[in-house]
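A.B. asks: Pasting the sequence and the predicted coordinates here, then a few questions.
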Amino acid sequence: MFVMNNIKTWKTLPLTAPCFSCHSLASSSTVVSMTQKPPSSKFRRKSSYGTSRRSILKKSFNQEQVNFTAPFSDEPLVAIIGGGISGLICAFFLDKRGVRSTVFDTGIHGLGGRMGTRVIDEPNNNPFIFDHAAQFFTVNDSRFAELVNAWIDKGLVREWQGTIGELRNGGEFLPFLPSPPKYIATHGMRFLADSLLSETNLVNVVRPCWISKLEPFNGMWHLSENGKPCGKFDAIVVAHNGKCANRLLMTSGLPLIAKQMKRLELSSIWALLAAFEDPLPFSGNTEVSFEGAFVRGIDSVSWMANNTKKLLPSRSDGPHCWTFFSTAAYGKQNKVPQENIPTATATRVKEGMLEGVEAALGLSKGSLPKPFYTKLQLWGAALPTNTPGVPCIFDPFGRAGICGDWLLGSNIEAAVLSGIALANQIADCIQSPGTDPGEFAVGLNHEFQPLEGHDIGQFPGLGSEEKINAAQVYELVK
Ligand SMILES: Cc1cc2nc3c(=O)[nH]c(=O)nc-3n(C[C@H](O)[C@H](O)[C@H](O)COP(=O)(O)OP(=O)(O)OC[C@H]3O[C@@H](n4cnc5c(N)ncnc54)[C@H](O)[C@@H]3O)c2cc1C
């Protein structure tokens, strides 16, 4: 237990969540187990906010629920930790509701998280451009459709006219039907993310910044990056997931939020970016004519797309920049720390993926041309494989919420809908003084279900004529 009894603006509630069993994820320098002796006064360090032992005890493994009881400040400020599409959309919709926010993101080159685009300037060549995570998206929900239409009007998004389909081991390609339309970010996914907040008035963006600590004190959340204060906030949004979020939440005083985050399971996917001098050959002595394909029957490859054709359709000469993704099974099989990939693993994975591409294209062994540029990356926390199936999670007592794709699915649309939902939930809570905060609680106890879909996300309704006919036959005989 940690005691905050002389802090008037918030009190502790009894613990409703079970203890975590994730000691290994915590940084040993910040966790004080209740069974351990407190550090000697010699090593007691006051935090940058003037808190003392109380704050340190809060870091207990058996964390207790924070309960803010003071009214929100006159001009409430929300911290959004994560500048992927869900966090950015949350900021955008808070702005629409007149609520100020600050988005913190680790991105060095830009915002967007898993909507990443890599541009490589080559002195003697056209620049290489690759979307190295999200490739395209489909639209189902009317709220998402409204946003996408606005992005199309601004030239940020356009329909992907190139052929995409399913490529079977050996070089059989089945094109998908034109409907549902497939959308791409005109200049690459990251540039869409970077443009999303351009017309907001109440949003501040801080990057690159890695929030490493959340501390509730005097009725506000205090954020810091490795000991450096990053401001105080009325409410917080955790708009990222994985190990990093688990670590951040473990000692924050938000056991219910932390418990839900801990339940999330994520796949790992290798991305290989490769530039070729010439168009890729296809079985039967032709050139590859499709621009994107879900690959079937190959362990090491689940998706391939010609990013030059997709993003620079008017360019006729090289280089030809391709993004290849592994399957989730191959990612798991070859998992290593993503920030420190051993050279031997990198060599094996790269070779395995290029061999997979060769087989998928129906080429004889050794006949795939050598790329003159490659970049290998592991998405260690790539896509969610389970979901609570709620648009967002919000703890009104701790004034903290979560948004992200995994709350609803595994694609950009799910992340957008989650960001909208959480923004409205927080704005409703802030703008309804006197209402029982409990009324704004959402998603804190939802059970998780497995997620179906492609290895790189869900694209409802996408399929070839053959696939759709097969689905209809199945429906009839059911
Ligand atoms: C390989 C791959 C291919 C994909 N392909 C598709 C596709 O074709 N179509 C599709 O619709 N979806 C696709 N997806 C899924 C899509 O990218 C995600 O659903 C979506 O981008 C998730 O957005 P998000 O905001 O929930 O999370 P993220 O994009 O992960 O954003 C989280 C952000 O938080 C930041 N962050 C983390 N910790 C901190 C911290 N402590 N402090 C500050 N910032 C922090 C991260 O750096 C990141 O920028 C793909 C994903 C992958 C990995």
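C.D. replies: Noted; the coordinates are in hand.

A.B. asks: What ranges does the stretch 251-400 of the chain have for its helices?
C.D. replies: 255-263, 307-311, 328-333, 343-360 (DSSP state H, counting those that start in this stretch).

A.B. asks: Can you tell me which of the ones you listed is nearest to Ala400?
C.D. replies: Of all those, it is helix 255-263 that lies closest to Ala400, at 5.6 Å by C-beta to C-beta. To be clear about C-beta, it is placed using only N, CA and C from the backbone, and glycine gets the same treatment.

A.B. asks: Report the residue spans of this structure with pLDDT below the cut-off.
C.D. replies: Along the chain, the parts satisfying pLDDT under 70 run over 1-62, 466-478.

A.B. asks: Could you dump the helices of the stretch 251-400 of the chain into a markdown table with mean neighbour count and distance to the ligand added?
C.D. replies: Shown next, in a markdown table, are the helices of the stretch 251-400 of the chain (neighbours: other C-beta atoms under 10 Å; distance: least, C-beta to the nearest ligand atom, whole Å):
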| stretch | mean neighbour count | distance to the ligand |
| --- | --- | --- |
| helix 255-263 | 21 | 12 |
| helix 307-311 | 23 | 11 |
| helix 328-333 | 18 | 9 |
| helix 343-360 | 18 | 13 |
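
A.B. asks: want to throw those into CSV with distance to Phe68?
C.D. replies: Formatted as CSV, these follow (distance: least, C-beta to C-beta, whole Å):
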stretch, distance to Phe68
helix 255-263, 14
helix 307-311, 46
helix 328-333, 40
helix 343-360, 46
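
A.B. asks: can you list the residues of the stretch 351-478 of the chain near the ligand?
C.D. replies: By C-beta under 6 Å from any ligand atom, the residues of the stretch 351-478 of the chain that approach the ligand are 379, 382-383, 404-405, 410-412, 415, 456-457.

A.B. asks: give me that answer again for 5 Å
C.D. replies: Residues of the stretch 351-478 of the chain found near the ligand (C-beta under 5 Å from any ligand atom) are 379, 382, 404-405, 411-412, 415, 456-457.

A.B. asks: And these, which of them are buried?
C.D. replies: Burial by neighbour count, judged by 16 or more other C-beta atoms under 10 Å, picks out 379, 382, 404-405, 411-412, 415, 456-457 from those.

A.B. asks: quick one, strands of the stretch 1-150 of the chain?
C.D. replies: With DSSP state E, counting those that start in this stretch, the ranges of strands along the stretch 1-150 of the chain come out as 10-13, 65-68, 77-81, 100-104, 117-120, 128-131.

A.B. asks: Spell out which residues make up each domain of this protein.
C.D. replies: 10-109+196-265+386-447, 117-192+267-382 (automatic domain parsing).

A.B. asks: Quick one: closest of those to Gly461.
C.D. replies: It is, among those and with distance given as C-beta to C-beta, domain 117-192+267-382, at 4.7 Å.

A.B. asks: In strands only, show me the buried ones among the residues of the stretch 351-478 of the chain next to the ligand.
C.D. replies: Among these, the residues falling in strands (DSSP state E) are Trp379.

A.B. asks: Could you find the closest non-adjacent residue to whatever residue of the chain ends up closest to the ligand?
C.D. replies: In the chain, the residue that lies nearest the ligand is Gly84 (2.0 Å; C-beta to the nearest ligand atom). Nearest non-adjacent residue to Gly84, counting by C-beta to C-beta, 6 or more residues apart in numbering: Gly113, 2.9 Å away.

A.B. asks: okay but that neighbour is in contact with Ile85, surely?
C.D. replies: Yes. Gly113 lies in contact with Ile85 (C-beta atoms under 8 Å); the separation is 7.3 Å.

A.B. asks: between the two, what contacts are shared?
C.D. replies: Ala193 (C-beta atoms under 8 Å, 6 or more residues apart in numbering).

A.B. asks: Stretch 239-247 vs the ligand: in contact?
C.D. replies: Yes. Using C-beta under 5 Å from any ligand atom, stretch 239-247 reaches the ligand at 240, 244.

A.B. asks: and the residues of the stretch 351-478 of the chain next to the ligand, which two are the farthest apart?
C.D. replies: Top of the distance list for these (C-beta to C-beta): Gly404 and Ile456, 16.3 Å.

A.B. asks: Assign a three-state SS to Pro208, would you?
C.D. replies: The local conformation at Pro208, judged by DSSP: H, G, I helix; E, B strand; the rest coil, is coil.

A.B. asks: Quick check: closest non-adjacent residue to the residue nearest the centre of the chain.
C.D. replies: Geometric centre of the chain, nearest residue: Arg114, 5.1 Å, by C-alpha atoms, centre = their mean. Once flanking residues are discounted, Arg114 sits nearest to Ala133: 4.3 Å by C-beta to C-beta, 6+ apart.

A.B. asks: and if you look at Phe324?
C.D. replies: Closest residue in space to Phe324, ignoring its immediate chain neighbours: Leu272 at 4.4 Å, by C-beta to C-beta, 6+ apart.

A.B. asks: cool, Lys335 as well?
C.D. replies: Ser268 (5.2 Å).

A.B. asks: The one you found: what's it in contact with?
C.D. replies: Ser268 is in contact with 328, 331-332, 335, 338, 378-382, counting by C-beta under 8 Å, 6+ apart.

A.B. asks: Swap in 6 Å and give it another go.
C.D. replies: For Ser268, the contact set (C-beta atoms under 6 Å, 6 or more residues apart in numbering) comprises 331-332, 335, 380, 382.

A.B. asks: Off-centre distance for stretch 161-174?
C.D. replies: In terms of C-alpha atoms, centre = their mean, to the nearest Å, the gap separating the centre of stretch 161-174 from the centre of its chain is 27 Å.

A.B. asks: Other residues contacting it?
C.D. replies: With C-beta under 6 Å, 6+ apart, stretch 161-174 has contacts from 175-176, 283, 290-298, 309, 359-362, 464, 466.

A.B. asks: do that stretch and the ligand meet at all?
C.D. replies: No. On the criterion C-beta under 5 Å from any ligand atom, stretch 161-174 is out of touch with the ligand, staying 10.4 Å away.

A.B. asks: repeat for stretch 292-304
C.D. replies: No. Stretch 292-304 is not in contact with the ligand by C-beta under 5 Å from any ligand atom; minimum separation 7.4 Å.

A.B. asks: Gly113 and Ile85: which is more packed in?
C.D. replies: Ile85 (31 against 26; other C-beta atoms under 10 Å).

A.B. asks: doesn't Glu413 make contact with that one?
C.D. replies: No. Ile85 is beyond contact range of Glu413, at 9.5 Å (criterion: C-beta atoms under 6 Å).

A.B. asks: Output stretch 253-264 in CSV with nothing but the alpha carbons.
C.D. replies: This file holds the C-alpha atoms of stretch 253-264, laid out as CSV (Å, rounded to 0.1, in the frame of the first residue of the first chain):
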residue,chain,number,x,y,z
GLY,A,253,-1.5,4.0,-9.4
LEU,A,254,-3.8,2.8,-12.2
PRO,A,255,-4.1,-0.9,-11.5
LEU,A,256,-7.2,-1.5,-13.7
ILE,A,257,-5.8,0.3,-16.7
ALA,A,258,-2.5,-1.5,-16.2
LYS,A,259,-4.3,-4.9,-15.9
GLN,A,260,-6.1,-4.4,-19.2
MET,A,261,-2.9,-3.3,-21.0
LYS,A,262,-1.1,-6.4,-19.6
ARG,A,263,-3.7,-8.7,-21.2
LEU,A,264,-2.8,-7.5,-24.7
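
A.B. asks: now what about it, what contacts it?
C.D. replies: So stretch 253-264 is in contact with 17, 58, 63, 65-66, 216, 241, 245-246, 249, 393, 395, 398, 400, 406, 444, 448, going by C-beta under 6 Å, 6+ apart.
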